[in-house]
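Colleague: Predicted model and sequence below, questions to follow.
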Amino acid sequence: MNNRPTLTKSLSNDEFIEYYYLKEELVVFCRKEGLATSGGKQDVTSRISNYLKTGERLKPTASRSGKAKYKTNVNTDELTVESIIEEGFVCSEKHRAFFKSVIGNKFSFNVVFQKYLKSHAGCKYSEAVYEWYKIQEDKKKNRGKSKIDSQFEYNTYIRDFFKCNEGKSLDEAIKCWKYKKSLSGHNKYEKEDLLILA
């Protein structure tokens, strides 16, 4: 059974971010809608999220570093360190330009920082800047420790499944994963996922 909606341009952004889509599905959607397909899964997801919210198609242009940039009119005058993080935060070029103006060219969005921004609506941007530096420090302290990045949700799920279910098979783990990703919400393993095996 699959409750997951098909990814089309009529899907709301709120619905889109509630469900898990393979990168291949995201790329197919981007090609169909004339969106850039470059970058990692997080980049493509952010691009689609922005498109579903605003209808804006960001076009990549090569930068001197060779990395893709997304051309848009960015006005950072609207944002200050005293500004309040908005509800339903989406990483955009406007936000990237703002953080670069405060932190410098070393700034980049990472998964941990994106999660912080999305879950701290109502806080000041000054707090977000502080958090970005804190995340960088934590990364230095934890360097060398093995961690699966959040874009590898399947790997994380399978690892957690076996941690809690010694003796179960990979087929059972995959069946639970397929069930889990058809549901809205997070894609982390939970004991209740085993109900699909009954």
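Modeller: Happy to help now that I have it. Numbers count the residues shown, from 1 in each chain.
Colleague: So which residues of this protein form helices?
Modeller: 13-18, 23-33, 41-54, 93-103, 111-119, 125-141, 153-164, 170-181 (DSSP state H).
Colleague: Any stretches of this protein with poor pLDDT?
Modeller: 1-2, 58-77, 142-151 (pLDDT under 70).
Colleague: What residue spans form the domains of it?
Modeller: 1-61, 73-147, 153-197 (automatic domain parsing).
Colleague: Now do the longest one: distance to the chain's middle.
Modeller: Using C-alpha atoms, centre = their mean, to the nearest Å, we find the averaged C-alpha position of domain 73-147 to lie 14 Å away from the chain's own average C-alpha position.
Colleague: do the last one as well
Modeller: Taking C-alpha atoms, centre = their mean, one finds the center of domain 153-197 at 20 Å from the center of the full chain.
Colleague: so how far is the first residue of that domain from its last?
Modeller: 20 Å (C-alpha to C-alpha, to the nearest Å).
Colleague: Now residue 169. Its backbone dihedrals?
Modeller: phi -100, psi 160 (degrees, to the nearest 10).
Colleague: hmm, back to that, export the helices of the chain to TSV and tack on mean neighbour count and distance to residue 188?
Modeller: Glycine gets a C-beta too; all of them are placed from N, C-alpha and C. Output for these, formatted as TSV (neighbours: other C-beta atoms under 10 Å; distance: least, C-beta to C-beta, whole Å):
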stretch	mean neighbour count	distance to residue 188
helix 13-18	15	14
helix 23-33	15	19
helix 41-54	19	17
helix 93-103	17	27
helix 111-119	16	13
helix 125-141	13	21
helix 153-164	16	7
helix 170-181	16	8
